[in-house]
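>>> With the sequence up front, the predicted model follows.
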Amino acid sequence: MSIVVKKLVKKFDSQIAVNEISFEAKPGKILGFLGPNGAGKSTTMKMLTGYMKPTSGDAEICGKSILTDELAVKKLIGYLPENTPLYNEMYIREFLNFVGETYQIPNLKNRVDDVIKKVGLTAEQHKKIGTLSKGYKQRVGLAQAIIHNPEVLILDEPTSGLDPNQLAEIRTLIKNLGREKTVIISTHIMQEVEALCDEVIIINKGNIVANETLQGLKEKNKTASLEEIFRNLTSD
Ligand SMILES: Nc1ncnc2c1ncn2[C@@H]1O[C@H](COP(=O)(O)OP(=O)(O)OP(=O)(O)O)[C@@H](O)[C@H]1O
């Protein structure tokens, strides 16, 4: 297992955003992390990537604890946050070089060339980040997430705001990455889950209400409609 989550809790004052959730994820599989707005998806992802301390519980990324091995965990994970914080004043190459240097990547120039090609930024590569369209900014976000070739990818709504062409390209990229790596993606797009995910977790009000293979989820709920399953499991 490359991700083992153990009774993870996050409280904000009296509000329990994530309520003692446990789950696992393995390499070569894409795990879809679904839930209504405010369910606790981003909060969980932030805890797994070391950007937010859990109130209690722990998680291991390739055997390293998010509580005690924060640095090792950051190296093992590529993270695309929901609203990718990018440096708008920087040029794409400058930014990717900067990120690459923090990971001390050898032959960085070649690696930057590689990721630019991989995420489809070749035509835009000499532009300033601030001048890019939303979809291209998203690609820069993906490029910084994969530059250090991490074992685990955590992508928070990776295709939000992309046009249909970009959507298809980025989905193909994620699908390919998922062949070797452990990938968790959060999304509200059920077609995306169908197209990409092997396994699905549905979270509602901080609690896991489903944790199945995509096929298993449909069989258990006796319908092939993910939207119907989602509504049944998350409506009040
Ligand atoms: N820093 C914070 N301080 C206080 N409350 C927070 C904070 N971050 C998140 N929350 C609350 O925790 C709950 C879960 O939020 P979270 O962002 O994890 O939801 P989400 O499932 O990612 O939602 P969405 O689909 O809208 O992105 C929400 O009620 C939110 O208001």
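Structure's in. What do you need?

>>> Please parse the chain into its domains.
Following the assignment in the TED database, the chain carries domains at 3-27+40-197, 198-235.

>>> among these, which is nearest the ligand?
With distances scored as Cβ to the nearest ligand atom, the stretch of these nearest to the ligand is domain 3-27+40-197 (3.2 Å). Using the backbone N, CA and C atoms, a C-beta is placed for each residue, glycine as well.

>>> show me where this structure has helices.
Under the criterion DSSP state H, the chain contains helices at 41-48, 70-76, 92-102, 108-118, 134-146, 164-180, 190-196, 214-220, 226-234.

>>> Can you get me a residue count around residue 232?
Residue 232 has 14 neighbouring residues, counting by other Cβ atoms under 10 Å.

>>> And the pLDDT for it?
According to the predicted model, the pLDDT of residue 232 comes to 94.

>>> contacting residues around it?
Residue 232 is in contact with residue 221, counting by Cβ atoms under 8 Å, 6 or more residues apart in numbering.

>>> What of residue 145?
Residues in contact with residue 145 (Cβ under 8 Å, 6+ apart) are 78, 79, 80, 153, 155.

>>> in the sheet, who's paired with the last one?
It refers to residue 155. As for beta bridges, residue 155 partners with residue 80, residue 185 under DSSP bridges.

>>> out of the contacts of residue 145, which are buried?
78, 79, 80, 153, 155 (16 or more other Cβ atoms under 10 Å).

>>> could I get the residues you listed as JSON lines with distance to the ligand and pLDDT?
Putting those into JSON lines (distance: Cβ to the nearest ligand atom, whole Å; pLDDT from 0 to 100) gives the following:
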{"residue": "78", "distance to the ligand": "19", "pLDDT": "96"}
{"residue": "79", "distance to the ligand": "14", "pLDDT": "95"}
{"residue": "80", "distance to the ligand": "13", "pLDDT": "93"}
{"residue": "153", "distance to the ligand": "17", "pLDDT": "97"}
{"residue": "155", "distance to the ligand": "13", "pLDDT": "96"}
